[in-house]
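Q: Make a model of this:
(2 chains)
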Amino acid sequence: MITLRQRGVDLRAIATGAANLSLLLFIAYPLFLLLLVSFGAREGFTVVSYLKVFAQRQNYVALGNSLYVGTTTTLLATLIGVGLAWLIARTGLPLKRVFRGLIFLTFVTPPYIGTISWIQLFGRAGYGNALLTRVLGLSIELYSLEGIIAVMALYLYPLVFWATAHALERTDPTLEDAAASSGGTRWRVLTTITLPLVLPSILSAAALVFINTLASFGPAAALGLPARHYVLTTRIYAALSHYDVQMAAALSVILVLCSGGALLLQNSLLGRRRFITTTSGSRKPEPFRLGRWRLPIAIVLVVFFSFTAVLPLLTLLFTSLLKGWGLPLALENFTLGNYLTIFQDRLIGRALRNSLIFATLAASAATLLGFLVAYISARTKLRGRGLLDLLATFPRAIPRPVLAMAMILAFMNPPLALYNTPWIVIVAYIVAFTPLALRVLSGSLRALDPVLEEAAWASGASWLRGLKDMVLPLLRPGILTSFILVFLRGLPEIPLSLMLHTRGTETVGVVLFFLRDTVGVEAVSALAVIVILITLAGHLVVGKLGGRPEVGR
Amino acid sequence: MSQLVIEGLKKRFGPVAALDGLSLEVKRAELLVILGPSGCGKTTLLRSIAGLERPDAGEIWLEGELVFSAARRIFLPPHRRRVGIVFQNYALWPHLNVFSNVAYPLRVKRFSKHEIRRRVGEMLKLVRLEGLERRYPHELSAGQQQRVALARALVMEPCLLLLDEPLSNLDAKLREELREELKRIQRKTGITTVHVTHDQGEAMALSDRIGVMDSGKLIQIGPPAEVYQKPHNEFVAKFVGASNLLFGDVKEQDGQRSLLLQGGLELPLSGEMKLPPGPALLLIRPEEITISRNGPGLGATVKSATYLGNALEYRLTIGGLELQVRTDPMQIFNVGERIFLQIRRATPIRARRPEQG
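A: Model prediction:
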């Protein structure tokens, strides 16, 4: 009896097994260890660390702060995002393309870099505050929870904006026409038909903002730590700095519970989005006429964007070109020396090189892993594919400071002593950004008709051959998008780098975080400008490839 | 020798049996059309033959080679089956031009450049697409895409050609044209072909034999005329061609047979029909009824008329009964007119109690 087995099936099964093993080792094992340590793994099961967490006032203040910052930021970002989305997607507002471009510009700025520019504007010695004091006799206290909220909302509202604008543009205008012809006023149609139709999109984006705020580290640290305003992520960092591993682990578990809950909520909201009826793209809805409000609204928006999108970037640019921060903007004070410093300074040069290498490796590995998982769970019926998908998506619920904790616990000691090597940073990047790669790639794979691959098999191509000749070339935009997005997230990454780096493996994020004080704000600004330019270029390529901007979060 | 033999094929998708113990034989150079409504499992059958689907039970033999056997755990992967397939949406590779699409099967098999050029040229000539080698799929019309897909399926000289509703994406005129084209190419190459469709006109026009499928089972297989004239059951009768299906009792009186319907209506049947008395389900094709203004026959009323160009189709009512009749287009009656009908031929279908209601 001959048993013919498809070689391809074995290969696919091997790939599934290998992917599962690596995900178990690098995702499940560290997180499980973190959970164990939070329950006092070494002294037997105990909830002592949790009791300790709540015995310290600082901790529940941090939890409260996290929730306060999270909800307020979410409300603010949703308000701004929905308002702008409606104005830009549905009304006869002028300058819409310019406004869209500026929102895009705001979004591609890494939040921490945005924070640096805001500090330069409204920090204690900031230009903006100086001006305010002179003119109005008051100043803004940026180093506060409200400062964190303002900055976070500013860099996260584009998520809500795009989700809402997209939903508004895809809502079937005939539904609104029907309501209008049944005698509804424009306001009634807006509140009873349009809004309910796009509500699931808005809520799911809002949940995403909440998750991002809870998990955010850079802005919370830069604006919160100087005045000792802690949120959970910065508390974890502080506990770890004091080598209180158990406390840090317990705080991590609490943070994961909060953001995991929000993520579940977001997923169920995303599921509901399917109810949106979509146009065949034939007709655009009639723009809402703003009448005499058209010009005033446009002016308000020009002011808003000048302050939120243009001014911070200009500040960074000028600082990066000035011989010294605070000097008047006169020609003799300008220099390119700060950019030279980046390449001459051993530490900054090394950090830039490290970040480029780490981000490239992470982008390659995450894209490969993301492709494997997306392919296996969408195109095969192999056992273990459900677990694979779950494991690869899971890090989405894990804020990066928590992930850093888990990595330390898992890879501090042999057999896999990655700590104190560059590999722990790289592995952490891969784990953190595989969900992003997976999301991008399963999206593009879903758009690719499976029959194109089957036609290759029927033409005599083996599984690998069909993958190489048909799937990979046709998926190239998705693969490139995934690579670029992961690279762009990895390049300025802070919490993982900060908590996992060692002498010699510093990254751009570490330099940005620490070196404001040592190298000087001018060189840091120059580095920030370079990072922004790279990020902008990358996002423009992604846009050309057909990716929607918010896919990066 | 049979080119394709299928034994007891079964495949379930969750609670749905897409293939339910299906057996089939296709002779060399034969064109078999599998006809059935959507969801009857015909595409699953095709995909199972190609190796794109793995059935739960049964066996598939191709050219005498066992390519699938659930019991013996044999599953030859699609790329080793030498089966050409034309998918419903053609599945042309959008990043390859016409030449490369057709050449791909040969490139995989590492044919020489020269041989590839020769064979692709020959194939494109066969499907009448010479000169379009450098075009990309999106630059082709639907009909041209279909021809490329056909050329690609045939270029490796497969032992079997599978066509999955290849004409369903075309408009009516093009469909007819390509139907003839398909038949010409099939005859010319002598390739054994299994073609699935839900279009009975297509099935009639193309096939050497028709296999009618329903709920994963092959209900009847035979030459088109046989399937049309002697359907095995109600489903086949209804699905293949328009039909009047009447259930009643066949009675014989003074050498004259008639069908006694529920409600007491009695339809006279012409003398040549040798129907045994007793309960029967009768199939009466619309063209097997003649109507006239002055009789003889049974009185009926014209309920509606549809002009089809080459024929006229009437709906008649007799009592509570409605009958479909097709006449030549010169025979014009008015709606509401009283006419007389005669049944020339009725075919008994396996008798079965009609469902309630």
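Q: Test my guess that B:V194 contacts B:L32.
A: Yes. Between B:V194 and B:L32 there is a contact under C-beta atoms under 8 Å: 5.2 Å. C-beta coordinates here come from the backbone N, C-alpha and C atoms, glycine included.
Q: what is in contact with those two at once?
A: With contacts defined as C-beta atoms under 8 Å, 6 or more residues apart in numbering or on different chains, the residues adjacent to both B:V194 and B:L32 are B:V26.
Q: Skipping adjacent residues, who's closest to B:T301 in space?
A: What sits nearest to B:T301 in space, not counting adjacent residues and going by C-beta to C-beta, 6 or more residues apart in numbering or on different chains, is B:T317, at 5.2 Å.
Q: For that neighbour, grab phi and psi.
A: The phi and psi values for B:T317, taken as degrees, to the nearest 10, are phi -120, psi 130.
Q: wouldn't it be in contact with B:G299 here?
A: No. Counting by C-beta under 8 Å, B:T317 stays clear of B:G299, with 10.5 Å between them.
Q: List the residues that contact B:A149.
A: With C-beta under 8 Å, 6+ apart as the criterion, the residues that contact B:A149 are B:V86, B:F87, B:Y90, B:A91, B:L92, B:P166.
Q: so is the residue of the stretch 251-357 of chain B found nearest chain A in a helix, a strand, or just coil?
A: Here the stretch 251-357 of chain B gets closest to chain A at one residue, B:T306, 32.1 Å apart by C-beta to the nearest C-beta. Reducing the assignment at B:T306 to three states with DSSP: H, G, I helix; E, B strand; the rest coil gives strand.
Q: Look up the pLDDT of it for me, please.
A: Here the pLDDT value assigned to B:T306 is 86.
Q: which strand residues sit across from it in the sheet?
A: Taking DSSP bridges, one obtains B:E313 as the residues bridged to B:T306.
Q: hang on, it packs against B:V325?
A: No. Contact between B:T306 and B:V325 fails when scored by C-beta under 8 Å: they sit 10.8 Å apart.
Q: and the two? which has more neighbours close in?
A: The residue with the greater number of neighbours, taking B:T306 and B:V325 and applying other C-beta atoms under 10 Å in any protein chain shown, is B:V325; the counts read 25 against 11.
Q: immediately after the one helix or strand that one maps to, which helix or strand?
A: When elements are defined using DSSP states H and E, B:V325 is found to belong to strand B:321-327. As assigned by DSSP H and E, the chain's next helix or strand after strand B:321-327 is strand B:338-343.
Q: if we can go back for a sec, what about B:V194 and B:L32, which has more around it?
A: In terms of neighbours (other C-beta under 10 Å), B:V194 is the more surrounded of B:V194 and B:L32; the figures are 27 against 24.
Q: What's opposite the more buried one in the beta bridge?
A: Using DSSP bridges, the bridge partners assigned to B:V194 are B:L32, B:L162.
Q: ok, now how distant is it from chain A?
A: 13 Å (C-beta to the nearest C-beta, to the nearest Å).
Q: sorry, back to before: any shared contact partners between B:T306 and B:V325?
A: Taking C-beta under 8 Å, 6+ apart as the contact rule, the neighbours common to B:T306 and B:V325 are B:E313, B:Y314.
Q: Spatially nearest residue to A:Y429, not counting backbone neighbours?
A: Distances taken as C-beta to C-beta, 6+ apart place A:A362 nearest to A:Y429, at 3.5 Å, with adjacent residues excluded.
Q: Tell me which helix or strand the one you found sits in.
A: Assessed by DSSP H and E, A:A362 sits inside helix A:346-379.
Q: Now do that helix, average pLDDT.
A: Helix A:346-379 shows a mean pLDDT of 92.
Q: Just the buried positions in that helix, please.
A: Residues A:348, A:351-352, A:354-356, A:358-363, A:365-377, A:379 are the ones in helix A:346-379 that count as buried (16 or more other C-beta atoms under 10 Å in any protein chain shown).
Q: looking only at pLDDT, what's the mean for whatever helix or strand comes next after that helix?
A: Tracing the chain past helix A:346-379, the next element assigned as helix or strand by DSSP H and E is helix A:385-393. The average pLDDT for helix A:385-393 rounds to 85.
Q: and if you look at stretch A:144-153?
A: With pLDDT averaged residue by residue, stretch A:144-153 scores 94.
Q: residue in the stretch 201-350 of chain B nearest to chain A?
A: Of the residues in the stretch 201-350 of chain B, the one nearest chain A is B:G216, at a distance of 19.9 Å by C-beta to the nearest C-beta.
Q: how close does that residue sit to B:L92?
A: Shown here: B:G216 relative to B:L92, a distance of 30 Å by C-beta to C-beta, to the nearest Å.
Q: How many neighbouring residues does residue 220 have?
A: If you meant another chain, say so; for now it's chain A. Neighbourhood size, A:A220 [other C-beta under 10 Å]: 32.
Q: wait, I meant chain B there
A: For B:Q220, the neighbour count with other C-beta under 10 Å is 21.
Q: A:V198 now?
A: Here the count is done by other C-beta under 10 Å, and A:V198 has 24 residues near it.
Q: do A:D449 as well
A: The number of residues near A:D449, taken as other C-beta under 10 Å, comes to 14.
Q: How about the residues of chain B by chain A?
A: Listed as neighbours of chain A in chain B under the rule C-beta under 8 Å from any C-beta of the partner chain: B:50-52, B:72-85, B:87, B:89, B:91-95, B:104-105, B:108-109, B:152-153, B:156.
Q: Let's see which of those end up in helices.
A: When the residues of chain B next to chain A are checked against helices using DSSP state H, the ones located there are B:A50, B:Y104, B:P105, B:V108, B:R152, B:A153.
Q: And the residue lying farthest from the centre of chain B, how far from B:P268?
A: Relative to the centre of chain B, and counting by C-alpha atoms, centre = their mean, the farthest-placed residue is B:D254 at 42.1 Å. Remark: distance between B:D254 and B:P268 (C-beta to C-beta) = 12 Å.
Q: Next: B:R152.
A: The span separating B:R152 from B:P268 equals 57 Å under the rule C-beta to C-beta.
Q: more neighbours, those two?
A: Here B:R152 and B:P268 are compared on neighbour count by other C-beta under 10 Å; more neighbours surround B:R152, at 31 against 15.
Q: Which of the helices or strands spans the closest residue to the more buried one other than its chain neighbours?
A: Counting by C-beta to C-beta, 6+ apart, B:R152 lies nearest to B:V102, which is 4.9 Å off, once chain neighbours are set aside. Using DSSP H and E, B:V102 maps to helix B:98-108.
Q: Starting from that helix, tell me the next helix or strand along the chain.
A: Of the helices and strands lying after helix B:98-108 in sequence (DSSP H and E), the nearest is helix B:113-126.
Q: Give me the residues contacting that next one.
A: B:98-99, B:102-103, B:106-107, B:111, B:130, B:132-133, B:151, B:154-155, B:185, B:188-189.
Q: now with 7 Å?
A: Residues from elsewhere that reach helix B:113-126 (C-beta atoms under 7 Å, 6 or more residues apart in numbering or on different chains): B:F99, B:V102, B:A103, B:L106, B:R107, B:E130, B:E133, B:A151, B:L154, B:V155, B:I185.
Q: now for those, which pair is the farthest apart?
A: With distances taken as C-beta to C-beta, the most widely separated pair in the contacts of helix B:113-126 is B:R107 and B:I185, at 22.7 Å.
Q: Show me what the lengthiest helix in chain B is packed against.
A: Longest among the helix segments of chain B by residue count, using DSSP H, is helix B:172-189. Where contact means 3 or more C-beta pairs under 7 Å, 6 or more residues apart in numbering or on different chains; DSSP states H and E, helix B:172-189 is packed against helix B:142-154, helix B:200-206.
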